[in-house]
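Novice: What follows is a predicted structure for the sequence shown.
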Amino acid sequence: MTGNRLWIRLALLAGLACLALSMACARVTPISEIRANEAQFMNQPVTVRGTVKDTMKNPLGGGEYYKLDDGSGELWVTSGTGMPALDTQVRVTGTLKPGFSFGRYEAGMVVHETKSVPL
């Protein structure tokens, strides 16, 4: 009977590990999908990945932004964890919010970053 309990505990532990791993690996949404369904994603958490193509610091508000390109489209990200270097590939999780217009920079929507991981 002790052997059966061990197997049950191992199975439960394996199940919990799989659940934790699946939660840690949030679905990466293509930027084109976000752009095509802006209302569906607005004010919702999203995860995107791509290459940093442009950066901007707002001298008035102190915000830092970078433009992410995943090959399907581009999206501005408000940096919450530090500005990545140009041409760096990153995976970003954050909340999609209405964008901004500042000089030559304009974005209809912006991801407010809560987590960024270099790839």
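Specialist: Okay, I see it. Note that this is a predicted model, so its numbers are computed, not measured. Numbers count the residues shown, from 1 in each chain.

Novice: my guess is Met42 contacts Met109, does it?
Specialist: Yes - shown here, Met42 and Met109 form a contact pair, counting by C-beta atoms under 8 Å, at 7.0 Å. The C-beta positions use only the backbone N, C-alpha and C, and glycine is treated the same way.

Novice: Now do the shared contacts for the two.
Specialist: Leu96, Lys97, Pro98 (C-beta atoms under 8 Å, 6 or more residues apart in numbering).

Novice: For Glu64, state which of the residues you listed is nearest.
Specialist: Lys97 (15.1 Å; C-beta to C-beta).

Novice: What about the closest one, how many residues nearby?
Specialist: Neighbours of Lys97 under the rule other C-beta atoms under 10 Å: 15.

Novice: wait, doesn't it sit right on His112?
Specialist: Yes - here Lys97 reaches His112: they are 5.3 Å apart, a contact under C-beta under 8 Å.

Novice: what stretches of this protein score poorly on pLDDT?
Specialist: 1-3, 10-25, 62, 102 (pLDDT under 70).

Novice: if you set the cut-off to 50 instead, what comes out?
Specialist: For the chain, the stretches with pLDDT under 50 are 1, 18-23.

Novice: Can you tell me the SS state at Gly80?
Specialist: coil (DSSP: H, G, I helix; E, B strand; the rest coil).

Novice: give the contact list for it.
Specialist: Applying C-beta under 8 Å, 6+ apart to Gly80 gives the contacts Gly94, His112, Glu113, Thr114, Ser116.

Novice: Okay, helices next: where are they in this protein?
Specialist: Counting by DSSP state H, one finds helices in the chain at the ranges 2-24, 31-36, 38-41.

Novice: And stretch 99-114, what's buried?
Specialist: When neighbours are counted by 16 or more other C-beta atoms under 10 Å, the buried residues of stretch 99-114 are found to be Gly99, Phe100, Ala107, Met109, Val110, Val111, Glu113.

Novice: closest to Ser79 among these?
Specialist: Set against Ser79, the nearest of the buried residues of stretch 99-114 by C-beta to C-beta is Glu113 (5.8 Å).

Novice: Please tell me how far that closest one sits from Thr93.
Specialist: Going from Glu113 to Thr93 by C-beta to C-beta, to the nearest Å gives 7 Å.
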